[in-house]
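Student: from the sequence below, what's the structure:
(chains A and B)
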Amino acid sequence: MISRFETTGAKDLGKYESDVFSAEEWKSFSTAKQQEILMNYRLAFSAIGEVNWCEALGTVLANDEVVNGVSERGGHPVVKKKMRQWYLRITDFADRLLDGLHTVDFSDSMKEMQRNWIGKSEGCEMDFNLNTANLDSSSNTPGSEVIKVYTTRPDTIFGVDFLVLAPEHELVNKITTAEQRKNIDDYLTYVKSRSDRERMSEAKHITGCFTGAYAINPFNHKKIPVWIAEYVLGGYGTGAIMAVPCGDQRDFLFAKHFQIPITNIIGDHFNGLEANATKEAVLQNSDFLNGLLMKDAIKVAIEKIESEGLGKRKVNYKMRDAGFSRQRYWGEPFPIKWEAGVAIAMNETQLPLSLPHVEKYGPGPEGEGPLANIADWTAQQLETSTMPGYAGSSWYFLRYMDPHNETSFCDRHVSDYWNQVDVYVGGTEHAVGHLLYSRMWTKALYDLGLIGFDEPFKKLVNQGMIQGSSRFAYRIKGKNEFVSFGIKDQYQTDALHVDVNMVDGLELDLAAFKKWKPDFENAHFILEDGKYICGVEVEKMSKSKFNTVNPDDLVEKYGADTFRLYEMFLGPVDQSKPWDTKGIEGVHRFIRKLWRLFNDEANGKIWNEAQANDAEWKILHRTIKKIEADTEHFSFNTAVSSFMICVNELSELKCHKKEILEKLLILLTPYAPHIAEELWQQLGNTETILDANYPVLEEKYLIETSKEYPISINGKVRANINIDLSAQQSEVEQIVLSNEIVQKWLDGNAPKKIIFVKGKMVNVVI
RNA sequence: GCCCAGAUGGCGGAAUUGGUAGACGCAGCAGACUCAAAAUCUGCCGUUCGCAAGGAUGUGCAGGUUCGAUUCCUGUUCUGGGCACCA
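Tutor: Purely as a prediction, here's the structure:
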């Protein structure tokens, strides 16, 4: 990039309009200016962003440490604060992240979530001039302010009744009139206390404020009011929208709430009670778009907007660049030094940059990272933020391929050999975080030629989350006082997670709670019936929710095989379920029953070398078939159940034959490796079962000649008749109609129709 | 609010492509063995009417398609995950 700037300057990049210069100009720029320009093109770049700032705690907070706008710890107010941050330019990968989805084996819902998150939309940017005559002298507007909006629906341009700016939009201060100044300032203070989540969530609670300014619709020159409202977010599009109440429900509700007159451009397709967001209506009152179907009008409108020079076609993404610095944690340090406000990357020979050893760490002054407290660190002008968790989780699978390499993160030959991760098992909670970051990371490494593939995971299996039962205590707003669940509605409270280990059923152990965190040492409690009762919610099991349980006791009591089988037996791997050990006895009994096929309590060894009969081979091969199919489909719960059926049936036949049992053990190895190996050795094998050949299915043992057909009358099963599988419809009809039960239902009448599905069922319609 | 899932007996779940709803397991009940217990074994086990034979009903809720729907379609409720500093 630098050599490009040195030779040809930047005219054709088109990414940042401000970055147009010649090669000569580039060379004349100061280092700082050059670095500033380069920052616009770096994959990892520094810019100003907003963080959760808690003045009372003197620290930046993570989103999950903020409850209802106050800090979880102590209940102090949290506001947004601007701070220099590092970002990864994931937006530059947006199209490739979308395209790559065609090449990976992920579930459709996972792909859908990623697509929606990336949120590619095609529309246009359009300029609305301000009606400057309206601005009074108190606003220092030069008179040529333009509001740039982004819209995917330029076809509705004649239905625009107002513009809405994001409260953080840079023009807000400039265009606000003197009369509206106070209202706007109050509203901005309110918005500052609101998280993005709250701003998007509470659609019922409509808020906004008129700036006093008016803009001009470039097509019909109508004067339209300019509002600000929290439902428009600064980070998306241009941070400004044109509001069309008859075609957008949020705009509609906003117009109704603030009694802004609504222009109807689709006649009967708009009923005045709710917006019509379809693109199927025919346009009216829309000048050159009259008579066009909305979806066809979009193209026409864009062409007109471009030809009139009012704006231009624009592809937009909902996804934002990924925040890559943290002030809250002790993560990997940035190899960056700040020199006179310019970020300079450390030379590779100076790396690795290691974190200093410290006794304890806390937030730095002004909410910087903990490194800001370390004189040694700041003296070197080193960056004081640290990297987030995904700095590691985005590429660890590559390092795993070559973990001892001292010179490179992973030798190219090694990654070429191992290639992509074949199957990646992870929960859907990572859908738009980790799984997008690692995909982007892989593409970046691929672009650098460091690896030979640009998608990390060939196949993704979403295992369901194990859920835990969380317990909550309710803190009265602004106090260090907690109110019991049954009476909490009489107060304004914030719900805080409490450690499930301090709760007996629902009753909180107050002494343990006070000792838990220093903040709670002097807490007061409002009890019911002398007890503090906690609230309950089922949530994903997570350390941050204090609802984890330790499996060590179970492994101790039942062994790892039982634990492993039980986890599989709980249900489909992709389904979330609360952790509950109620049924673990069942799989443990299965293991013991398996053992008894080989050993007798009184006599020891009972397995033998006798030849198996057809019935026994049939049981084995039915199991082989089922296990193969289930394993292939990751249907581990049904596989465990077929192992149980197999062992039950062999027990019933008193089958202790080695030639059957040894094959069963091989099948079982991936499911219960320890007992399989142990019994394998008992059978006299000296090599490990892991090297045994997998049994081959022999269909000949599974051939059936007849079937117990269910016979339905009008879809309800009334009888079962054993019929030869080779029987044709006419034979089947004869057999069925002569059946006593069928005759009873027919009651002398002829059936209307007989449906026969070979190998499945018979349905007699009467 | 938006995006993505899910909902079947007392409980976890099964039903692979629209074809016998409840496999397998837990819990429960009755029994066998035992001085007793544990372990093990046998039988019963959706709801409801019935002595029984048998009938009715039943897969979150309301509709629809079909000879036939847990499965497909429309709407809806509830639960869970995510919403950018947990990753």
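Student: tally of neighbours for residue A:464?
Tutor: A count of nearby residues for residue A:464, using other C-beta atoms under 10 Å, gives 16. Placement of C-beta: from N, CA and C, glycine included.
Student: from residue A:554, how far off is the residue lying closest to it once chain neighbours are set aside?
Tutor: Spatial nearest neighbour of residue A:464, excluding adjacent residues (C-beta to C-beta, 6 or more residues apart in numbering): residue A:576 at 3.8 Å. Distance check for residue A:576 against residue A:554: by C-beta to C-beta, to the nearest Å, it reads 20 Å.
Student: one more: residue A:663?
Tutor: Noted for residue A:663: a distance of 30 Å to residue A:554, by C-beta to C-beta.
Student: related to what we said a few turns ago, ok, the residue nearest to residue A:464 - contacts?
Tutor: Shown in contact with residue A:576 (C-beta atoms under 8 Å, 6 or more residues apart in numbering): A:464-467, A:540.
Student: one more time with 10 Å
Tutor: The neighbours of residue A:576, taking C-beta atoms under 10 Å, 6 or more residues apart in numbering as the test, are A:427-429, A:462-467, A:538, A:540-541.
Student: what about the residue in the stretch 601-750 of chain A that RNA strand B sits nearest to, neighbour count?
Tutor: At 2.9 Å from RNA strand B, residue A:715 is the closest residue in the stretch 601-750 of chain A, using C-beta to the nearest atom of the strand. The tally of other residues near residue A:715 (other C-beta under 10 Å) stands at 10.
Student: tell me the pLDDT of it.
Tutor: In this model, residue A:715 is scored at 86, pLDDT.
Student: and what about the closest residue to it other than its chain neighbours, helix, strand or coil?
Tutor: Of all residues not flanking residue A:715 in the chain, residue A:763 sits nearest, at 6.2 Å (C-beta to C-beta, 6+ apart). Of the three states, residue A:763 takes strand under DSSP: H, G, I helix; E, B strand; the rest coil.
Student: residue A:763 against residue A:732, yeah?
Tutor: No - Residue A:763 is beyond contact range of residue A:732, at 11.4 Å (criterion: C-beta atoms under 10 Å).
Student: now do the shared contacts for the two.
Tutor: With C-beta under 10 Å, 6+ apart, residue A:763 and residue A:732 have common neighbours A:711, A:754, A:756.
Student: show me what contacts residue A:754?
Tutor: Contacts of residue A:754 (C-beta under 10 Å, 6+ apart): A:711, A:729-730, A:732-733, A:736-737, A:742, A:762-766.
Student: buried members of the residues you listed into ChimeraX, please.
Tutor: Entered in ChimeraX, the line below selects the buried ones among those, by 16 or more other C-beta atoms under 10 Å:
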select /A:711,732,733,736,742,762,763,764
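Student: same for RNA strand B: which of the contacts of residue A:754 are within range?
Tutor: Subset of the contacts of residue A:754 in contact with RNA strand B: A:763, A:765, counting by C-beta under 7 Å from any atom of the strand.
Student: where's the dip in pLDDT among the contacts of residue A:754?
Tutor: On pLDDT alone, residue A:766 ranks lowest of the contacts of residue A:754, at 82.
Student: for it, which non-adjacent residue is closest in space?
Tutor: residue A:751 (5.3 Å).
Student: wait, isn't that neighbour in contact with residue A:712?
Tutor: No - if you go by C-beta under 10 Å, residue A:751 and residue A:712 don't touch, sitting 11.6 Å apart.
Student: any shared contact partners between the two?
Tutor: Common neighbours of residue A:751 and residue A:712 (C-beta under 10 Å, 6+ apart) are A:742, A:763-765.
Student: would you turn the residues you listed into a markdown table with distance to residue A:571?
Tutor: Output for the shared contacts of residue A:751 and residue A:712, formatted as a markdown table (distance: C-beta to C-beta, whole Å):
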| residue | distance to residue A:571 |
| --- | --- |
| A:742 | 39 |
| A:763 | 32 |
| A:764 | 37 |
| A:765 | 38 |
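Student: quick revisit: which two from the contacts of residue A:576 end up farthest apart in space?
Tutor: The distance between the two most remote of the contacts of residue A:576 (C-beta to C-beta) is 18.7 Å, for A:462 and A:538.
Student: more neighbours, those two?
Tutor: Ranked by neighbour count (other C-beta under 10 Å), residue A:462 and residue A:538 place residue A:462 first, with 23 against 14.
Student: and that one, bridged to which residues?
Tutor: Bridge pairing for residue A:462 (DSSP bridges) gives the partners residue A:426.
Student: do the same with residue A:342
Tutor: Residue A:342 has these beta-bridge partners by DSSP bridges: residue A:339.
Student: returning to what we had before: neighbour count winner among residue A:663 and residue A:554?
Tutor: Per other C-beta under 10 Å, whichever of residue A:663 and residue A:554 has more neighbours is residue A:663, with 21 against 17.
Student: chain neighbours aside, what residue packs nearest to that one?
Tutor: Spatial nearest neighbour of residue A:663, chain neighbours left out: residue A:695 (4.2 Å); criterion: C-beta to C-beta, 6+ apart.
Student: now the closest residue to residue A:352 other than its chain neighbours: how far from residue A:442?
Tutor: Spatial nearest neighbour of residue A:352, excluding adjacent residues (C-beta to C-beta, 6+ apart): residue A:335 at 8.0 Å. From residue A:335 across to residue A:442, the span is 21 Å (C-beta to C-beta).
Student: residue A:306 too?
Tutor: Note on residue A:306: its distance to residue A:442, by C-beta to C-beta, is 37 Å.
Student: more neighbours: these two, which one.
Tutor: Comparing residue A:306 with residue A:442 by other C-beta under 10 Å, the one with more neighbours is residue A:442, at 24 against 14.
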